[in-house]
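In: okay, here's the prediction I keep looking at, along with the sequence it came from:
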Amino acid sequence: MDYKKHYNKLMERSKDRHLEGYVERHHIIPRCLGGTDAADNIAVLTPEEHFVAHQLLIKIYPNCPPLINAAIIMTIHHTDVRANNKLFGWLRRQASKARKEWIIENGHPKGFLGKKHKIDDIEKITAGIKKSSAEKRIVIHAYNLDGSFYMTYNSIIECAKALKTNPSNVKYTADGKFGHCKNKQLRYNFSESIAPYVKSSPLKGKEKTLEHRLNQSKAMKGKKRSAKWCEEHSKAMKEYHARKKTNE
């Protein structure tokens, strides 16, 4: 079956017609495939058509996880019973009707039905959005744990995507709240290299208790540290004291 042909026919049929009652907006080219919110990329469909459109999309693009997830949300009921397009359409219409009736009886949950924000409030909201957007566009410089430069990212979001983490982790690491993120040290300011990351000891600034010293002695009783360990430990201590002297 030519799934793409059927999908295109469905999208063409949605143009130049007027539907009564409950309808749903559908991105002709999905956003996960580069589609935009432009009017010419939006099709107005019945819920049944919307259901079928997503089934066709996963046939056309079988290896696209976002499309598969969207289809799963439409087809799996909370009882794990698989839905069909008729059941899906009936459920969507009932949900829409119930929402409208609830708002008529109880009013809008935020009390804004038929109202508009004041100009001052709009300016405050806009300023907050602009500030948030500006923070997300801050340049982030990433370094390896040994202190060598790794890469520069043009925004917090870009860095988060590259490191496969969330923007909050990136921001907290760059702010100095986290030591590193996904084995990368992050900074707002660029330099050729930075101090290697050294995990702080839980006993830093504290005195070892007698119990701790005895446990250490028991653990090493009859054993010797390897030459490799002694060499690495000596090197680490020399680097630590060199950095400490530089900072002073």
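Out: Alright, I've got the coordinates.

In: can you give me the strands for the protein?
Out: Per DSSP state E, the chain carries strands over the ranges 24-27, 42-45, 140-144, 149-153, 184-187.

In: can you redo these as a markdown table with mean pLDDT?
Out: Compiled in a markdown table, the strands of the chain are given as follows (pLDDT from 0 to 100):
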| stretch | mean pLDDT |
| --- | --- |
| strand 24-27 | 91 |
| strand 42-45 | 92 |
| strand 140-144 | 94 |
| strand 149-153 | 93 |
| strand 184-187 | 94 |
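
In: for the most centrally placed residue in the chain, give me phi and psi.
Out: Ranked by distance to the mean C-alpha position of the chain (CA atoms, centre = their mean), the top residue is Asn166 at 4.9 Å. Backbone torsions for Asn166, taken as degrees, to the nearest 10, come to phi -100, psi 160.

In: what's near enough to touch it?
Out: Asn166 sits next to Ala160 when contact means CB atoms under 8 Å, 6 or more residues apart in numbering. Glycine gets a C-beta too; all of them are placed from N, C-alpha and C.

In: Asp179 and Leu145: what is the separation?
Out: That one is not Asp; residue 179 is Gly. 9 Å (CB to CB, to the nearest Å).

In: same check, this time on Lys118
Out: According to CB to CB, Lys118 and Leu145 sit 51 Å apart.

In: okay, the two: which has more neighbours?
Out: The neighbour count for Lys118 versus Leu145, taken as other CB atoms under 10 Å, is higher for Leu145 (15 against 9).

In: looking at the more buried one now. What's its pLDDT?
Out: Looking at Leu145, its pLDDT stands at 90.

In: contacts only, for it.
Out: 180, 183-185, 196-197.

In: please repeat the previous calculation with a cut-off of 10 Å.
Out: 179-180, 183-185, 196-199 (CB atoms under 10 Å, 6 or more residues apart in numbering).

In: same question for Pro62.
Out: 3, 68.
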